[in-house]
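**Q** dropping a prediction and its sequence here:
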Amino acid sequence: MQTINTSIIPTKQTFAKVVAPHELDLEAICVFAAIGFFLDTDTYWKDSKVLAAASIHTLDDKGFLQQSRPYFKWHYTPRDITFQQALEEFTELFESIIAEQIGRQKVILPLSGGLDSRTQAVALKRLGAEVHSYSYQFKGGYPETHIAKAIAKACNFSFNAYTIQKGYLWSVIDQLAELNQCYSDFTSPRQMAIHHQFLEMGEVFSLGHWGDVLFDDMKVPDDLPFDDQVTLLIKKLLKKGGLQLAQQLWQAWGLEGTFETYFRNRITALLQHVDIPHNANAQIRAFKSLHWAPRWTSVNLSVFKSAHPITLPYYDQRMCEFICTVPEAYLKNRQLQIAYIKTKAPELARITWQDQRPFNLYNFHRNQSPYNVPHQIAGKLKRGISAVLGNPYIQRNWELQFLGADNQQHLEQALLHQELQELVPESLIKANLEGFYEQDALANAHAINTLLVLSKFNQQFRHA
């Protein structure tokens with residue numbers, strides 16, 4: 001017998017066998033097509049499951065799952081504390097966790113223009129850590145490396161800026177498929193573009209994943225009815241074009257009923273299991289932490305992990321437990337992180353917050369009309385001029401990896417000439433390619449991303 005304890009938010013998927021036919025779980029794959037990740041413990045196969053988070057699992061000597069028992073359940077038990085007390089507790093906890101995680105190692109810190117990595121930068125600076133930081137931006141996109149560089153300079157960190165280039169995916173796609181095992185699309189983990197640079201940067205990653213979920217509300221009333229929570233989650237989960245692709249596959253594979261009914265029933269059951277009846281924000285956050293984080297966010301941590309050990313302060317069990325006891329009013333609108341940065345490193349608070357640009361942590365409340373109108377006009381003019389000059393503004397990685405003649409050739413080779421037709425009807429593949437290249441790229445990008453994953457899965461894993 002073997003016992004495996006999974007973290008509250010696991011950093012990797014751990015698989016176990018179950019007694020079931022060794023055949024594709026087509027319903028689960030339809031969900032993947034709709035939302036971009038697998039739900040709950042689902043995998044590509046009926047006889048394989050991912051071990052659930054925050055549980056103790058018993059496996060027999062052949063790797064079959066015998067029993068799972070949860071040791072932690074997300075809850076909402078707010079304490080009667082002031083905001084200042086919550087801030088002091090967060091400060092001590094956050095800095096202690098990071099100090100324990102990094103020890104005396106040289107830290108690699110990916111920096112963005114947002115708050116999560118900036119909060120880490122404050123802690124690492126205060127701890128006196130040796131840090132090498134980096135950031136990247138899309139070729140032809142918003143220059144977010146400028147913000148990251150300013151943060152690094154204020155903290156006296158060494159820094160590299162990278163530009164994500166057009167078409168890099170095709171030289172690394174097989175390696176990426178091995179790393180994430182086809183449990184994610186291939187254009188979201190843009191860190192793969194600079195994967196070869198990681199070995200020279202330091203000794204341990206400090207990654208800021210999931211801070212934006214734990215330290216914010218879910219933008220809903222606390223008393224939002226359960227059925228409305230289900231509807232909201234479905235809306236948030238479905239990718240643009242994902243429902244259509246899932247419906248197409250459901251019909252092509254002759255599955256019973258409708259995908260919409262199946263999917264709503266799954267979300268309803270999973271949300272009922274969370275069972276935080278008195279606060280919708282806490283319940284939705286818990287749902288996302290149970291399912292979104294381990295089955296989507298964590299999947300591509302494997303790219304970092306293949307180069308160096310990884311640490312994630314927001315994933316730490318103590319941080320999850322802390323969040324369950326903080327009043328929702330203090331989490332709303334990132335208040336704790338903002339107050340921490342302003343209190344401990346005001347120079348970093350004065351640097352532009354990318355989501356609120358051109359404003360910073362002191363004046364972002366002015367990001368509304370009429371204060372932000374000049375910035376919006378300037379942005380539109382700049383993008384318009386670039387488009388006229390034949391340089392469209394790039395906002396998403398798939399634009400760099402799928403658009404253009406060379407990319408189209410690679411994509412069609414992957415979708416039409418690598419036996420994907422064993423799994424997906426050729427007519428469906430061609431219809432989605434036509435929709436992407438001849439009709440509306442944005443509306444069909446997710447479908448193309450998913451079909452590419454299914455092609456690599458069929459090629460590299462299905463017959464293994």
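**A** Thanks, I have it. Numbers count the residues shown, from 1 in each chain.
**Q** tell me the first helix or strand C-terminal of the lowest-mean-pLDDT helix or strand in the chain.
**A** Between all helices and strands in the chain, the lowest mean by mean pLDDT, DSSP states H and E belongs to helix 373-388, at a mean of 59. Going down the chain from helix 373-388, the next helix or strand is helix 397-402, by DSSP states H and E.
**Q** just give the nearest non-adjacent residue to the residue nearest in space to the middle of the chain, would you?
**A** Geometric centre of the chain, nearest residue: Thr297, 3.6 Å, by CA atoms, centre = their mean. Nearest non-adjacent residue to Thr297, counting by CB to CB, 6 or more residues apart in numbering: His209, 5.4 Å away. For every residue, glycine as well, the C-beta is placed using N, CA and C.
**Q** in what helix or strand does the one you found lie?
**A** For His209, there is no host helix or strand (DSSP H and E).
**Q** residues near it, how many?
**A** His209 is flanked by 22 other residues according to other CB atoms under 10 Å.
**Q** list the residues that contact it.
**A** Contacts for His209 (CB atoms under 8 Å, 6 or more residues apart in numbering) come out as 116, 293, 297-298, 301, 312, 314-315.
**Q** one more time with 7 Å, if that's ok
**A** Under the criterion of CB atoms under 7 Å, 6 or more residues apart in numbering, the neighbours of His209 are 297, 312, 314.
**Q** strands - which of these land there?
**A** Per DSSP state E, strands hold no members of the contacts of His209.
**Q** sorry, back to before: distance check, the residue nearest to Thr297 against Glu95.
**A** 18 Å (CB to CB, to the nearest Å).
**Q** next up, phi/psi of the closest residue to Leu451 other than its chain neighbours, please.
**A** Residue nearest to Leu451 in three dimensions, not counting chain neighbours: Leu415, with 5.6 Å by CB to CB, 6+ apart. Dihedral pair for Leu415: phi -90, psi -30, per degrees, to the nearest 10.
**Q** tally of neighbours for Leu415?
**A** Neighbours of Leu415 under the rule other CB under 10 Å: 21.
**Q** what pLDDT does the model give the residue nearest to Gly208 when sequence neighbours are not counted?
**A** Once flanking residues are discounted, Gly208 sits nearest to Asp116: 3.5 Å by CB to CB, 6+ apart. Here, the pLDDT recorded for Asp116 equals 97.
**Q** list the contacts for Asp116?
**A** By CB under 7 Å, 6+ apart, the neighbours of Asp116 are 208, 211-212.
**Q** how about 8 Å then?
**A** 208-209, 211-212, 314, 337.
**Q** tell me which stretches of the stretch 251-400 of the chain form strands.
**A** 310-311 (DSSP state E, counting those that start in this stretch).
**Q** any stretches of it with poor pLDDT?
**A** For the stretch 251-400 of the chain, applying pLDDT under 70 flags the ranges 371, 373-391.
**Q** can you give me the helices for it?
**A** 259-274, 280-287, 301-305, 317-323, 328-331, 335-344, 346-349, 373-388, 397-402 (DSSP state H, counting those that start in this stretch).
**Q** dump those to JSON lines, plus mean neighbour count and distance to Phe198.
**A** Output for the helices of the stretch 251-400 of the chain, formatted as JSON lines (neighbours: other CB atoms under 10 Å; distance: least, CB to CB, whole Å):
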{"stretch": "helix 259-274", "mean neighbour count": "16", "distance to Phe198": "35"}
{"stretch": "helix 280-287", "mean neighbour count": "24", "distance to Phe198": "31"}
{"stretch": "helix 301-305", "mean neighbour count": "20", "distance to Phe198": "7"}
{"stretch": "helix 317-323", "mean neighbour count": "17", "distance to Phe198": "25"}
{"stretch": "helix 328-331", "mean neighbour count": "18", "distance to Phe198": "33"}
{"stretch": "helix 335-344", "mean neighbour count": "20", "distance to Phe198": "26"}
{"stretch": "helix 346-349", "mean neighbour count": "16", "distance to Phe198": "25"}
{"stretch": "helix 373-388", "mean neighbour count": "11", "distance to Phe198": "31"}
{"stretch": "helix 397-402", "mean neighbour count": "23", "distance to Phe198": "18"}
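**Q** want to throw those into a markdown table with distance to Asp228?
**A** Shown next, in a markdown table, are these (distance: least, CB to CB, whole Å):
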| stretch | distance to Asp228 |
| --- | --- |
| helix 259-274 | 11 |
| helix 280-287 | 8 |
| helix 301-305 | 33 |
| helix 317-323 | 23 |
| helix 328-331 | 17 |
| helix 335-344 | 25 |
| helix 346-349 | 36 |
| helix 373-388 | 32 |
| helix 397-402 | 32 |
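**Q** picking up where we left off before, pLDDT value on the residue nearest to Thr297, please?
**A** 97.
**Q** same question, Arg462
**A** So, for Arg462, pLDDT stands at 84.
**Q** what's the spacing between it and Glu419?
**A** For Arg462, the distance to Glu419 - CB to CB - is 9 Å.
**Q** now Asp316. Nearest residue, chain neighbours left out?
**A** Distance criterion CB to CB, 6+ apart; nearest residue to Asp316, sequence neighbours excluded, is Ile97 at 4.8 Å.
**Q** what about that neighbour, how many residues close to it?
**A** The tally of other residues near Ile97 (other CB under 10 Å) stands at 21.
**Q** which neighbouring elements make contact with the host helix or strand of it?
**A** Counting by DSSP H and E, the element that carries Ile97 is helix 83-102. For helix 83-102, the elements it packs on are helix 116-127, strand 204-206, strand 310-311, helix 317-323, helix 335-344, judged by 3 or more CB pairs under 8 Å, 6 or more residues apart in numbering; DSSP states H and E.
**Q** what about that helix, distance to the chain center?
**A** Its chain's C-alpha centre and that of helix 83-102 lie 24 Å apart, by CA atoms, centre = their mean, to the nearest Å.
**Q** sorry, back to before: from memory the residue nearest to Leu451 sits against Leu433, does it?
**A** Yes: the criterion here is CB atoms under 8 Å, and Leu415 meets it with Leu433 at 6.6 Å.
**Q** quick check: neighbours shared by these two?
**A** Residues touching both Leu415 and Leu433 by CB under 8 Å, 6+ apart: Ile448.
**Q** coming back round to it: residues in contact with the residue nearest to Asp316?
**A** Shown in contact with Ile97 (CB under 8 Å, 6+ apart): 313, 316, 318-319.
**Q** dump the residues you listed into CSV; add distance to Cys182 as well.
**A** Shown next, in CSV, are the contacts of Ile97 (distance: CB to CB, whole Å):
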residue, distance to Cys182
Pro313, 29
Asp316, 29
Arg318, 33
Met319, 30
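**Q** among those, which two are most distant?
**A** Pro313 and Arg318 (9.6 Å; CB to CB).
**Q** quick check: domain ranges of the protein?
**A** As assigned by automatic domain parsing, the chain contains the domains 2-70, 83-215+294-366, 403-460.
**Q** fine by me, thanks again.
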